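> Need coordinates for the following:
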Amino acid sequence: MTESEAELQIQSEYQCSHKGESWFIRMYEMGEYDIIVIGGGHAGCEAALAGARLGLRTALFTMTLDGIANLPCNPSIGGTAKGHLVREIDALGGEMGKAADATFLQSRMLNRGKGPAVHSLRVQTDRVRYHGYMKKVLEKTEGLSVKQAEVVRVELDGNGTVCGVVTRLGARYGARVVIVATGTYLESTVFVGEESYAAGPDGVLPSRGLSASLREIGVVLRRFKTGTPARIHRRSIDFSRLEEQNGDENITPFSFSTTRELENKVSCYVSYTNEKTHQVIRKNLHRSPLYSGKIEGVGPRYCPSIEDKVVRFADKPRHQLFLEPMGLDTDEFYVQGMSSSLPEDVQLAFMRTIEGLEHVEVMRSAYAIEYDCCDPTQLLPTLAFKDIPGLYGAGQFNGTSGYEEAAAQGLVAGINASMWLKGKEPLILERSSSYIGTLIDDLVTKGCNEPYRMMTSRSEYRLLLRQDNADDRLMERGYQVGLVKEAQIKALQDKREQIEKEIARVEKVTLGPSQELNQLLQEKGTAPLHSGTTVADLIRRPQLSYADLAPFDPDRPDLPYAVKEQVEIRLKYEGYIRKQLAQVEMVKRLEERKLPEDADYRSIVGLRLEAQEKLERIRPLNIGQASRISGVSPADVSVLLIWLDQQR
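Take a look at the predicted model:
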């Protein structure tokens, strides 16, 4: 290389702006990538890993390397519906489930008292080790560069297509795709009582200037808000006055590839607020930025602050709290269920009214954080911006809340960015295929007026989309895009064969009305046998399980738990499953009716004005998606179907 070639070439100057201030950045060329990911949170990690693993030159930019895969809100992965997302991420070839298993502290399967459709895995994870695990995976991934730098500009070429980014220091990197996964850092402001200051989670610097650049290229932004509870010191907690919450004895890993035995290493604890707590909060509501008007952003409805709970649920005498360890090598405990933006002195006062926390020491105060995010109706189901080729959004930037929702979007954005660059078909997950498909369809079709949180009630196909069958639903699609290995598909095929063989076997094995069997049936509260019946018919009884009948089924093969679980679920719920599959087929027919990309909805006679406006803005891909748009009625759908037939 000659001396002139080695010199950095100064390209131009860029005027950066932020809240009325402006300054010039002198730019210089620093390299070319296929995909650049802005943000090192859970969405950014999955997006960058997907891009690099699919053979694209990928770079991940983060405000700080120490914030990669940070868990700023709570030290756990999964939960109701969120556990479904993690298992789906794993089935598609993502990393979150593996990271959660590798840094595992405690596991609980939520909603065990209900049916399998809503069983949801949740684990406590070691916060520092989770970050370390994911950072190492990123660093070791071939074709992936990890950089600590603040991106302040996304550049478009003369055709309006993404062509690169510029950092705060003036470095320009060329890119064919940019994935924005900025989390809660975009123009973020932290609020604690009357005080507010520019900062991201855990006091990290905010992203300043990128919002203005995104608006300049046509991205519509709005302001959302979230919050996090205080962290307290272990030595200040009186555990003798708290209810201990242990993990499950039989632990299900998140990742389908995890084969090692997992053991619970910690306990969590439960306490409650009381009337004294509520009195302190009510007395100081005027000092909360939520009620003084300082916070403009819209907060999450399903994860309210403690002051919001006290006001909105004034009839409740108490609210449940969970004390959760942050890791094995720290004495920090997280107070789940008590996010707040009240002043520090008020936080300390109301926490000391709680049983077991009378002498609490606060290590990190609770805070609220406000940030910029996009309107997700600007996105296609691929998570690409409709009008800005090469630009994708993922995670809280798309208006969601939660690590799991973010990681799911990051994985889909990374896959689809790679497919677009390779000229291949995108991965579009239908609502009937997954919770990830439901999440993305809700965002791009209905939008969100507050931080979106995944819940099992959001899916009309809950019984089909169980977390226990995520591999059966999605692993082959992960293999098709190139993220799942052939050995995993072989293991899935073996599992399917075992399930089918065992179902066929129990359908044939007949048990007679023995005294021992009838005694079991009586104990379980179900009718005794008067003649022979198959093991399958007994399993179909709600009161009986596959395991209950083991003593009466001597020829039963030794099968893995996952196989036995599937046998029981399929037999017990086969009628309901059949009905949901029929619903899926009906919707599938609507989704096969594609709508033209250039359709002029304002010219379609018979469509109501509201439907015309919504269809023009959302621009659905098919009749099925159109039918789910708020403001598009069944009559409007009928008009669209007639219009489509006329076009033919």
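> hey, where'd the helices end up in the stretch 101-250 of the chain?
Counting by DSSP state H, counting those that start in this stretch, residue ranges of the helices within the stretch 101-250 of the chain are 127-140, 210-216.
> Export these to JSON lines and append columns for mean pLDDT.
Shown next, in JSON lines, are the helices of the stretch 101-250 of the chain (pLDDT from 0 to 100):
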{"stretch": "helix 127-140", "mean pLDDT": "98"}
{"stretch": "helix 210-216", "mean pLDDT": "96"}
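> could you dump those to a markdown table with distance to residue 556?
Bear in mind the C-beta positions are built from the backbone N, C-alpha and C, glycine included. Below are the helices of the stretch 101-250 of the chain laid out as a markdown table (distance: least, C-beta to C-beta, whole Å):
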| stretch | distance to residue 556 |
| --- | --- |
| helix 127-140 | 39 |
| helix 210-216 | 60 |
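> Compare these and give me the one nearest residue 437.
Evaluated over the helices of the stretch 101-250 of the chain, closeness to residue 437 peaks at helix 127-140, with 24.7 Å, by C-beta to C-beta.
> show me what contacts the closest residue to residue 547 other than its chain neighbours?
Leaving aside its sequence neighbours, residue 547 sits nearest to residue 564 (C-beta to C-beta, 6 or more residues apart in numbering; 7.4 Å). With contact set as C-beta atoms under 8 Å, 6 or more residues apart in numbering, residue 564 has these partners: 502, 546-547.
> Residue 564: which element?
helix 561-572 (DSSP states H and E).
> Which parts of that helix count as buried, going by neighbours?
Residues of helix 561-572 classed as buried by neighbour count (16 or more other C-beta atoms under 10 Å): 562-572.
> how far off helix 127-140 does the helix or strand that contains residue 324 point, in degrees?
Using DSSP H and E, residue 324 falls within strand 320-325. Direction vectors for strand 320-325 and helix 127-140, defined by axes from the mean of the first three to the mean of the last three C-alpha atoms, to 10 degrees, enclose an angle of 60 degrees.
> Restrict whatever helix or strand comes next after strand 320-325 to CA atoms and write it as CSV.
Following strand 320-325 in sequence order, the next helix or strand is strand 332-336 (DSSP H and E). Only the C-alpha atoms of strand 332-336 are listed here, as CSV (Å, rounded to 0.1, in the frame of the first residue of the first chain):
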residue,chain,number,x,y,z
GLU,A,332,-27.6,-6.4,44.4
PHE,A,333,-31.3,-7.4,44.5
TYR,A,334,-33.9,-6.2,42.1
VAL,A,335,-37.3,-5.1,43.3
GLN,A,336,-39.7,-6.5,40.7
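> picking up where we left off before, now that we have the contacts of residue 564, which of them are buried?
If we count by 16+ other C-beta under 10 Å, these have these buried: 502, 546.
> Among the contacts of residue 564, which are located in helices?
residue 502 (DSSP state H).
> Put together a markdown table for the contacts of residue 564, with distance to residue 153 and pLDDT on each row.
Shown next, in a markdown table, are the contacts of residue 564 (distance: C-beta to C-beta, whole Å; pLDDT from 0 to 100):
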| residue | distance to residue 153 | pLDDT |
| --- | --- | --- |
| 502 | 58 | 97 |
| 546 | 59 | 96 |
| 547 | 60 | 95 |
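> of all the contacts of residue 564, which comes closest to residue 72?
Of the contacts of residue 564, the one sitting nearest to residue 72 (C-beta to C-beta) turns out to be residue 547, at 41.0 Å.
> residue nearest the centroid of the chain?
residue 405 (1.4 Å; C-alpha atoms, centre = their mean).
> Pull the contacting residues for the nearest residue to that residue once chain neighbours are set aside.
Leaving aside its chain neighbours, residue 405 sits nearest to residue 454 (5.5 Å; criterion: C-beta to C-beta, 6+ apart). By C-beta under 8 Å, 6+ apart, the contact set of residue 454 is 81-82, 84-85, 400, 402, 404-405, 435, 438-439.
> Name the SS class of residue 454, please.
coil (DSSP: H, G, I helix; E, B strand; the rest coil).
> C-alpha coordinates for the helix holding residue 564, CSV please?
Extracted in CSV, the C-alpha atoms of helix 561-572 (Å, rounded to 0.1, in the frame of the first residue of the first chain):
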residue,chain,number,x,y,z
TYR,A,561,-39.7,-36.1,28.5
ALA,A,562,-40.3,-33.8,25.5
VAL,A,563,-41.7,-36.8,23.5
LYS,A,564,-44.0,-37.9,26.4
GLU,A,565,-45.2,-34.3,26.8
GLN,A,566,-46.2,-34.1,23.1
VAL,A,567,-48.0,-37.5,23.2
GLU,A,568,-50.1,-36.4,26.1
ILE,A,569,-50.9,-32.9,24.7
ARG,A,570,-51.8,-34.2,21.2
LEU,A,571,-54.2,-36.8,22.6
LYS,A,572,-55.9,-34.6,25.2
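> Compute the mean per-residue pLDDT across that helix, please.
Taken as a whole, helix 561-572 has an average pLDDT of 96.
> before we move on, what about stretch 169-176?
For stretch 169-176, the mean confidence score works out to 96.
> Output the contacts of residue 564 as JSON lines; include the columns distance to residue 287.
JSON lines is the format used below for the contacts of residue 564 (distance: C-beta to C-beta, whole Å):
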{"residue": "502", "distance to residue 287": "62"}
{"residue": "546", "distance to residue 287": "57"}
{"residue": "547", "distance to residue 287": "56"}
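> quick one: which of the contacts of residue 564 is nearest residue 359?
residue 547 (46.6 Å).
> what's the spacing between that closest one and residue 567?
Note on residue 547: its distance to residue 567, by C-beta to C-beta, to the nearest Å, is 11 Å.
> now swap in residue 544 and tell me
Separation of residue 544 from residue 567 (C-beta to C-beta): 13 Å.
> Kindly report the same for residue 647.
Remark: distance between residue 647 and residue 567 (C-beta to C-beta) = 48 Å.
> go on, residue 645?
45 Å.
> again with residue 524
19 Å.
> List the neighbouring strands of the strand ranked longest in the chain plus their orientation.
As assigned by DSSP state E, the longest strand anywhere in the chain is strand 21-38. Strand 21-38 has the following strand partners under DSSP bridges: strand 10-18 (antiparallel), strand 58-62 (parallel), strand 171-180 (parallel).
> Nearest to residue 303, out of those strands?
Of all the strands paired with strand 21-38, strand 171-180 comes closest under C-beta to C-beta, at 23.3 Å.
> starting at the chain centroid, how far to that closest one?
25 Å (C-alpha atoms, centre = their mean, to the nearest Å).
> ok, now stretch 22-34?
Going by C-alpha atoms, centre = their mean, where stretch 22-34 is centred and where its chain is centred differ by 32 Å.
> Using PDB, list the CA coordinates for it.
Taking Å, rounded to 0.1, in the frame of the first residue of the first chain, the C-alpha atoms of stretch 22-34 are listed here in PDB:
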ATOM      1  CA  SER A  22     -25.900  22.300  15.500                       C
ATOM      2  CA  TRP A  23     -22.300  21.500  14.800                       C
ATOM      3  CA  PHE A  24     -20.200  20.200  11.900                       C
ATOM      4  CA  ILE A  25     -18.500  16.800  11.800                       C
ATOM      5  CA  ARG A  26     -15.600  16.300   9.500                       C
ATOM      6  CA  MET A  27     -16.100  12.900   7.800                       C
ATOM      7  CA  TYR A  28     -13.500  10.300   6.700                       C
ATOM      8  CA  GLU A  29     -14.000   6.900   5.100                       C
ATOM      9  CA  MET A  30     -13.500   3.900   7.400                       C
ATOM     10  CA  GLY A  31     -14.700   0.800   5.500                       C
ATOM     11  CA  GLU A  32     -17.600  -1.000   3.800                       C
ATOM     12  CA  TYR A  33     -20.100  -3.500   5.200                       C
ATOM     13  CA  ASP A  34     -23.100  -5.300   3.900                       C
END
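> No further questions, thank you.
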